[in-house]
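[1] Make a model of this:
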Amino acid sequence: MNTARTTATAARVLRQLRHDPRSIALMLLVPVLMLTLLRFVFDGDAHTFDNIGASLLGIFPLITMFLVTSIATLRERTSGTLERLLAMPLGKGDLIAGYALAFGAVAVVQSVLATGLALWLLGLDVTGSPWLLLLVALLDALLGTALGLFVSAFAASEFQAVQFMPAVIFPQLLLCGLFAARDTMHPVLEGLSDVLPMSYAVDGMTQVLTHTDMTADFVRDAVIVAACALLVLALGAATLRRRTP
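    Purely as a prediction, here's the structure:
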C-alpha cells in the first residue's frame, strides 16, 4: 500500500460524493430522521427509547453506510472507472483503503450528528460517557462501509447490491439482541449470534447505557467490531474485480 495513492483515491471519492446530494442525504440525514421518528414513537415511554435508541444509534449508521458504499463502489466498476484506475500503478489495497478512508470520514460526521442529536436534543439517557457511545457508533458505521465494499464485488447491478441487504444485514438485525436477549434464543441461534459483529455492536452500546466507566466487556466488544471491519476490508481487497462481466 502507498499512502499517497490511498489519500488521492480518498480525495477523489469525496469530490464525487460532494456532487451527489442524494447519497449525502442518505448517509447524514436518514439516521438522524430515523432516530427522531423513534423518539416520538416512544413519546410516552422514555425508558424504552433509552434502551432501544442506544442500540439503533449504532445500527442505523451501519445500514446506511452499507447501502451507499456497496452501490457507489459497484457504480465505479460498472462505469469502467475501477478498470481504468487499476490499470495505473494503483494496488487493490490502495483502492480499498482509499474508499474506506473517504467513507470513514463521512462516517465520522454521520456518527457525530446522530450521537449529538440523540443525547442533547432527543434526550437519550445513558449512564456512561457520550464519547464511548460515539466510538461505538463510528465503529458500526465503519463496519457498514467495510461490508458494503466487500459485497459490491459479488453484485452485477445496483439492484443486486441492494438485494444483499436481506442476506447480510437482516439476520444480524434479528439476532443481535435488539428484539430478544441473546441468551434466551435457541442454542443454535445464540451460537450464530456469537459470530455476528452486530451482536457486539449492540452489546457495546448496552455497556455504555448501563455502566458509568469503560468496562472490560466494552473494550472486548469494540475490539471485535473493529477487527471485523478490518477483516472484511481485507477480504474486499482480495475479491475486488476490475469490471463487471
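[2] So in this structure, where's the weakest helix or strand by average pLDDT?
    Least confident element among the helices and strands of the chain, by mean pLDDT, DSSP states H and E: helix 81-86 (a mean of 67).
[3] Beyond it, next helix or strand please.
    Downstream of helix 81-86, the next assigned helix or strand under DSSP states H and E is helix 92-116.
[4] By residue count, which helix of the protein is the longest?
    In the chain, assigned by DSSP state H, the helix with the most residues is helix 46-78.
[5] where exactly do the helices run in the protein?
    Under DSSP H, the chain gives helices at 3-18, 21-28, 30-41, 46-78, 81-86, 92-116, 130-151, 158-168, 170-175, 187-193, 197-210, 216-239.
[6] what about the residue nearest to L189 when sequence neighbours are not counted, neighbour count?
    Distance criterion CB to CB, 6 or more residues apart in numbering; nearest residue to L189, sequence neighbours excluded, is L175 at 6.0 Å. For glycine as for every other residue, the C-beta is placed from the backbone atoms N, C-alpha and C. Neighbour count of L175, defined by other CB atoms under 10 Å: 22.
[7] Ok, T73 next?
    28.
[8] So it sits against L147, correct?
    No. Using CB atoms under 8 Å, T73 is not in contact with L147, being 11.3 Å away.
[9] residue contacts, the closest residue to L139 other than its chain neighbours?
    Leaving out its chain neighbours, the residue that sits closest to L139 by CB to CB, 6+ apart is V225, at 4.6 Å. Applying CB atoms under 8 Å, 6 or more residues apart in numbering, we find V225 in contact with 136, 139-140, 143, 197, 200-201, 204.
[10] Kindly recompute the last result at 10 Å.
    Listed by CB atoms under 10 Å, 6 or more residues apart in numbering, the contact set of V225 reads 58, 62, 135-136, 138-140, 142-143, 197-201, 203-204.
[11] Then A11?
    98, 101-102.
[12] could the residues you listed go into TSV alongside pLDDT and neighbour count?
    Output for these, formatted as TSV (pLDDT from 0 to 100; neighbours: other CB atoms under 10 Å):
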residue	pLDDT	neighbour count
G98	84	23
L101	87	17
A102	87	24
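[13] T36: which of these is nearest?
    Of all those, T36 sits closest to A102, with 26.9 Å by CB to CB.
[14] Show the pLDDT at the closest residue to the closest one other than its chain neighbours.
    Distances taken as CB to CB, 6+ apart place V13 nearest to A102, at 3.7 Å, with adjacent residues excluded. At V13, the model reports a pLDDT of 84.
[15] now swap in L35 and tell me
    Confidence score, pLDDT, at L35: 90.
[16] Need the pLDDT of the closest residue to it other than its chain neighbours.
    Computed as CB to CB, 6+ apart, the closest residue to L35 that is not its neighbour in sequence is A118, at 5.5 Å. A118 is assigned 89 on the pLDDT scale.
[17] OK, contacts around A118?
    By CB under 10 Å, 6+ apart, the neighbours of A118 are 31-32, 35-36, 38-39, 49-50, 53-54, 56-57, 124, 126, 130, 133, 137.
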